[in-house]
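1. Fold the following, please.
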Amino acid sequence: VGMSCSAAIRPIRICPCAWSAGGLWHRGSAGHCWGRGGWCRVEYGGRDEIGAIIASTNQVREGLRSTIQQAEQVAAGDFSGQVELPSPQDQLGHSLNSMVRSLAEVASVADRVAAGDFSKNMGVVARQDQLGHAINRMVETLQAASKMAEQMAQGDVSGRLPVQGGMDRFSKAMNQMASN
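-> Numbering: from 1, shown residues only. Here you go, the predicted structure:
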């Protein structure tokens, strides 16, 4: 038994790298495809179920493109951007934006510490926040060392810093200076 289809075949634009999935071709952006660092977009002129699926796929692809670009910025140390959320349900985008805000706060505290301002601690977001806790311990140690140095400058050598471990050369050196 043969089957015939009278529906017109919709044109689909073809990418220069010419890969096909299930008969649908994709069109590369600026001649580049996903595997080569570019972004491909499938185009289909139909207004049927296939067109709706392709439109949804393209929307997901655009959201992922924005998320990947933000992740690449973060990997390069740039915490200034935010992912454009295609919908309020974009959990990946919300999580990435939250992570970027947290890393931007770490960078801000680190900049202040580098400039000699030990007055600001990190906002620890969870009990497991290893980076936030570590930054806060560093700031607390530097606050105590700064206070001890000020006391030593005034002639008071009675202060001592708690030694944090065998590798804590800084506290050991400050304590030795106070002892001499």
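
2. before we move on, which element is residue 177 in?
-> Secondary-structure element containing residue 177, defined by DSSP states H and E: helix 169-179.

3. which SS class is residue 85?
-> On the three-state scheme (DSSP: H, G, I helix; E, B strand; the rest coil), residue 85 is labelled coil.

4. wait, it sits on residue 95?
-> No: in this structure, residue 85 is not within contact of residue 95 by Cβ atoms under 8 Å, at 11.0 Å. No exception for glycine: its C-beta is placed from N, CA and C like everyone else's.

5. of those two, who's got more company?
-> Legend: neighbour count by other Cβ atoms under 10 Å for residue 85 and residue 95, higher for residue 85 (17 against 12).

6. could you measure the more buried one against residue 79, distance?
-> Here residue 85 is placed at a distance of 17 Å from residue 79 (Cβ to Cβ, to the nearest Å).

7. Repeat that for residue 141.
-> Distance, residue 141 to residue 79, by Cβ to Cβ: 25 Å.

8. which residues in the protein form strands?
-> 20-21, 24-25, 27-28, 40-41 (DSSP state E).

9. What residues of the helix holding residue 177 count as buried?
-> 171, 174, 175, 178 (16 or more other Cβ atoms under 10 Å).

10. do stretch 96-107 as well
-> The neighbour-count check on stretch 96-107 (16+ other Cβ under 10 Å) flags 96, 97, 100, 102, 105 as buried.

11. can you list those in JSON lines and add distance to residue 52 and pLDDT?
-> Formatted as JSON lines, the buried residues of stretch 96-107 follow (distance: Cβ to Cβ, whole Å; pLDDT from 0 to 100):
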{"residue": "96", "distance to residue 52": "28", "pLDDT": "90"}
{"residue": "97", "distance to residue 52": "29", "pLDDT": "91"}
{"residue": "100", "distance to residue 52": "33", "pLDDT": "92"}
{"residue": "102", "distance to residue 52": "38", "pLDDT": "89"}
{"residue": "105", "distance to residue 52": "42", "pLDDT": "90"}
